[in-house]
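In: Sequence and computational prediction follow.
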Amino acid sequence: MMSFIHSRRAKAVLAASAVVAMLFAVSGCGQKKPAQQGAQATLVKSMKVIKRDTPLVYEYTGFIEANREMELRAQVTGQITGKFFKGGDRVSAGQVLYTIDSRTYEANLINAKATYEMAAADAERYTTLYNQNAISKQALDKAVTAREQARAALINAQTNMSETSVRAPFDGRIDTASVEVGNYVTQGQTVLTKISDTSPVNTKFSVSEPEYLAITAANDGKAALDDLHLVLSDGSTYEGTGRVVEVNRGITNNTGTITVKAQFDNPNRRLLPGMFTHIKAVGGIKKDAILIPQRSVVEMLYKKFVFVVGPDKKVKMTEVTTGNIVDRLFIVESGLKGDETIVVEGTAKLRNDATVKEQVITEKDLDTTDKIEGKAK
């Protein structure tokens, strides 16, 4: 009986000990919780919002066009007897590019010249006779008309003869696609080749009505599109600046834009027709503009947000409205005052009210592409 009692007491003591141990364990977990929370601070790169006077830069997309481009068509019918260029050659105005069999046109010219000389002599003789009252006015008029018709035929024959030598209409570059010697060409129909003048070159682009008004207002009513910069497809900026040479007569109804043609000098012929380009135009200065890195912006449901770091190292997700892009920066139209610190890298790992550990960077550091991974220990 006594052994039974002692056995039950031993079990009770063991159970009580287990409960106490559990309470200590729970208590211990509770005490360690703040330490674990501190370990969850996310390492991010942050920087002070930039505030300074900033040029308002507008960007547009366009394609390079030749200043002048022309299809060279045969102006007489016949067989090509000579070709004096290679595809891609630069040629000068007046340079002979093709010759077309001229034998028929030479014969026509000789005949037309003889006919004119005879008609001119007749008209002169009839004039003398008329002055002597030897013939009627009608006879004289007929002779004069024949002379003028012969003159027209001679001019036409001379023109046809000259067209058997096809010359470059202006300085330019010849297309690689061209008709070869031996081919038969038809007047006004056969395209012999194409020639392009690429010094200077043009580019067309469309400007929205609000931007056009803003840009022109920034320069006392005159289009400020006279100091344009060209960014090529490889990201490089073309060394020359451009100027507007044509502005369309009005706004396009279905798009609300106005078409503009700009011209860029191209002395080295680096710019070629068909090249894809970005055109940048400066439309005034925005005083005390607030600037933030593009990569600091998080887009959600068609809205834009940044993570603002508070004094307690907790971030607040703040909605912003962005405007023009200046290099790698957005101009902020609303949402920030300009004295905030925001997260630049590491936004993908954040949520509202998250605690962060900052690695402060400057605007110069934005060129770096290093990404932060993991969390602070």
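Out: Here it is on my side, so go on. Note that the structure is predicted; figures quoted are calculated from it, not measured.
In: Let me know whether residue 294 touches residue 332 as I believe.
Out: No - counting by CB atoms under 8 Å, residue 294 does not reach residue 332; the two are 11.4 Å apart. To be clear about C-beta, it is placed using only N, CA and C from the backbone, and glycine gets the same treatment.
In: Pick out whichever of these two has more residues nearby.
Out: Neighbours per residue, other CB atoms under 10 Å: of residue 294 and residue 332, the larger number sits with residue 332, 24 against 14.
In: Now do the contacts for the more buried one.
Out: By CB atoms under 8 Å, 6 or more residues apart in numbering, residue 332 lies in contact with 49, 289, 290, 291, 292, 320, 321, 322, 323.
In: give me that answer again for 10 Å
Out: Residues in contact with residue 332 (CB atoms under 10 Å, 6 or more residues apart in numbering) are 49-51, 289-292, 297, 304, 306, 320-323, 338, 340.
In: got a winner among these for most neighbours?
Out: Neighbour max across these (other CB under 10 Å) = residue 306, 27 neighbours.
In: What sits closest to that residue if chain neighbours are left out?
Out: Of all residues not flanking residue 306 in the chain, residue 342 sits nearest, at 4.7 Å (CB to CB, 6 or more residues apart in numbering).
In: which of the residues in the longest strand seen in the chain are buried?
Out: The residue-count maximum for a strand in the chain (DSSP state E) belongs to strand 50-73. For strand 50-73, the neighbour count (16 or more other CB atoms under 10 Å) marks 50, 54, 56, 58, 60, 62, 64, 65, 66, 67, 72 as buried.
In: Ok, stretch 197-209 next?
Out: Neighbour counts over stretch 197-209 (16+ other CB under 10 Å) mark 197, 198, 199, 200, 201, 202, 203, 204, 205, 206, 207 as buried.
In: quick one: which of the residues you listed is nearest to residue 232?
Out: In terms of CB to CB, no member of the buried residues of stretch 197-209 lies closer to residue 232 than residue 203, at 11.4 Å.
In: what sits against the closest one?
Out: By CB under 10 Å, 6+ apart, residue 203 lies in contact with 60-65, 228, 230, 242, 260-264, 271, 275-277, 279.
In: swap in residue 70?
Out: Residue 70 is in contact with 168, 169, 170, 172, 193, 194, 195, 196, 197, counting by CB under 10 Å, 6+ apart.
In: can you check residue 121 too?
Out: 143, 147.
In: now the helices: where do they sit in the chain?
Out: Here the chain has its helices, by DSSP state H, at 2-39, 103-131, 137-162, 209-217.
In: Can you flag the buried ones in the contacts of residue 70?
Out: 168, 172, 193, 194, 195, 196, 197.
In: Looking at those residues, spot the one nearest residue 90.
Out: Nearest to residue 90 among those is residue 172, at 7.2 Å by CB to CB.
In: show me what contacts the residue nearest to residue 280 when sequence neighbours are not counted?
Out: Sequence neighbours aside, residue 229 is the residue nearest to residue 280 in space, at 4.4 Å (criterion: CB to CB, 6+ apart). Applying CB under 10 Å, 6+ apart, we find residue 229 in contact with 57, 59, 237-242, 264, 278-282.
In: for residue 72, same thing?
Out: Applying CB under 10 Å, 6+ apart, one finds that residue 72 lies in contact with 97-98, 166-169, 174-175, 178-179, 190-195.
In: if we go to 8 Å?
Out: Listed by CB under 8 Å, 6+ apart, the contact partners of residue 72 are 97, 166, 169, 191, 192, 193, 194, 195.
In: Most widely separated two among the residues you listed?
Out: Every pair in those was compared (CB to CB); the two farthest apart turn out to be 169 and 191, at 14.1 Å.
In: So which helix or strand of this protein has the lowest pLDDT on average?
Out: Among the helical and strand segments of the chain, the one scoring lowest on mean pLDDT, DSSP states H and E is helix 2-39, with a mean of 44.
In: what about residue 116, how many neighbours?
Out: If you count neighbours by other CB under 10 Å, residue 116 ends up with 21.
In: how many neighbours does the spatially closest residue to it that is not a sequence neighbour have?
Out: Excluding the flanking residues, the one nearest residue 116 by CB to CB, 6+ apart is residue 150, at 4.0 Å. As a burial measure, residue 150 scores 21 neighbours (other CB under 10 Å).
In: again, but for residue 111
Out: Using other CB under 10 Å, residue 111 has 13 other residues around it.
In: Relative to residue 149, how far out is it?
Out: In this structure, residue 111 and residue 149 are 14 Å apart, going by CB to CB, to the nearest Å.
In: just residue 169 next, same as before
Out: From residue 169 across to residue 149, the span is 30 Å (CB to CB).
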